[in-house]
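Novice: coordinates only, sequence not included:
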Ligand SMILES: O=C(CO)[C@H](O)[C@H](O)COP(=O)(O)O
């Protein structure tokens with residue numbers, strides 16, 4: 001039986017084959033994407049891809065890309081991303097998902113929304129019938145985080161600040177906190193997304209609805225290839 005890491009690597013390898021030379025590539029964050037970056041580096045060393053530009057969604061991925069010989073640009077420096085490859089924490093059969101387990105949701109959503117084509121790479125453990133089974137991250141401004149925490153609590157969303165190993169609050173790349181909501185399954189994801197989108201002090205949330213075009217799912221027997229209808 002393949003390990004979870006072997007499955008992640010298989011999905012990553014398939015995504016590497018989708019990258020076209022002379023394009024602008026977006027690269028996400030996470031352990032599956034980490035396999036993608038190393039395999040992309042291998043391919044680029046064998047046959048240079050001459051990417052026009054490459055943007056990424058975290059300092060972790062940036063470091064790894066640079067270690068693989070890539071030059072990384074800021075999103076603001078590129079007009080549009082041709083293809084974005086990212087992981088996901090959960091994905092349902094409508095290709096909606098929960099992301100942000102690694103805390104990079106704000107930049108991930110900004111890169112994804114500015115990409116012509118989005119592909120998620122996941123192993124079979126991420127697939128769900130109904131979105132849930134994973135805390136929903138919400139990035140909040142520190143200035144109103146307590147009010148929003150209490151608001152989420154009153155709404156029954158079971159909020160918890162994301163903490164670091166030392167017990168202090170996790171701080172995002174942009175200096176904000178993450179409140180994880182523990183609702184499983186999410187009853188009406190689109191309604192929750194709309195509520196969060198209109199909550200002052202919420203910077204972004206991990207509901208990625210209608211955003212990805214394809215999902216590559218590594219299962220024991222094959223790579224399933226789901227595309228948005
Ligand atoms: O959204 C993310 C980071 O914010 C990742 O894409 C998501 O957490 C999946 O990570 P992994 O491939 O390690 O399971």
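Specialist: Now that the structure is in, tell me what you want to look at. Just so you know, these numbers come straight off a predicted model, no measurement behind them. Numbers count the residues shown, from 1 in each chain.
Novice: how about the residues of the chain near the ligand?
Specialist: 28-32, 86-89, 99-105, 108 (C-beta under 6 Å from any ligand atom). Any C-beta I mention is one placed from the backbone N, CA and C, and that applies to glycine too.
Novice: again, only this time at 5 Å
Specialist: Residues of the chain lying near the ligand by C-beta under 5 Å from any ligand atom: 29-32, 87, 89, 99-102, 104.
Novice: can you turn the buried part of those residues into a PyMOL selection?
Specialist: Buried residues among these (16 or more other C-beta atoms under 10 Å), as a PyMOL selection:
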select buried, resi 29+30+32+87+89+99+100+101+102+104
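Novice: which parts of the protein are strands?
Specialist: Along the chain, counting by DSSP state E, strands occupy 24-27, 53-56, 81-86, 90-91, 97-98, 115-123, 136-140, 159-161, 177-181, 202-205, 207-208, 214-218, 223-227.
Novice: what about residue 155, distance to residue 191?
Specialist: Separation of residue 155 from residue 191 (C-beta to C-beta, to the nearest Å): 11 Å.
Novice: in CSV: the residues of the chain next to the ligand, plus pLDDT.
Specialist: Listed next are the residues of the chain next to the ligand as CSV, based on pLDDT from 0 to 100:
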residue, pLDDT
29, 96
30, 96
31, 97
32, 98
87, 98
89, 98
99, 98
100, 95
101, 95
102, 93
104, 93
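Novice: out of the residues of the chain next to the ligand, list just those in helices.
Specialist: Those of those mapping onto helices are 31-32, per DSSP state H.
Novice: from the residues of the chain next to the ligand, pick the one nearest residue 145.
Specialist: Set against residue 145, the nearest of those by C-beta to C-beta is residue 100 (16.2 Å).
Novice: out of residue 155 and residue 191, which sits in the busier spot?
Specialist: For the pair residue 155 and residue 191, the greater number of neighbours falls to residue 155 (13 against 10), based on other C-beta atoms under 10 Å.
Novice: can you pull the contacts of the more buried one?
Specialist: Residues in contact with residue 155, defined by C-beta atoms under 8 Å, 6 or more residues apart in numbering, are residue 195.
Novice: the spatially closest residue to residue 174 that is not a sequence neighbour - how many residues pack around it?
Specialist: Distances taken as C-beta to C-beta, 6 or more residues apart in numbering put residue 106 closest to residue 174, at 6.3 Å, once the chain neighbours are dropped. For residue 106, the neighbour count with other C-beta under 10 Å is 21.
Novice: residues contacting residue 106?
Specialist: Here residue 106 is in contact with 139, 172-174, 176, 203-204 (C-beta under 8 Å, 6+ apart).
Novice: quick one: contacts for the nearest residue to residue 193 once chain neighbours are set aside?
Specialist: Residue nearest to residue 193 in three dimensions, not counting chain neighbours: residue 207, with 4.3 Å by C-beta to C-beta, 6+ apart. Counting by C-beta under 8 Å, 6+ apart, residue 207 touches 96-98, 131, 136, 186, 189, 192-193, 196.
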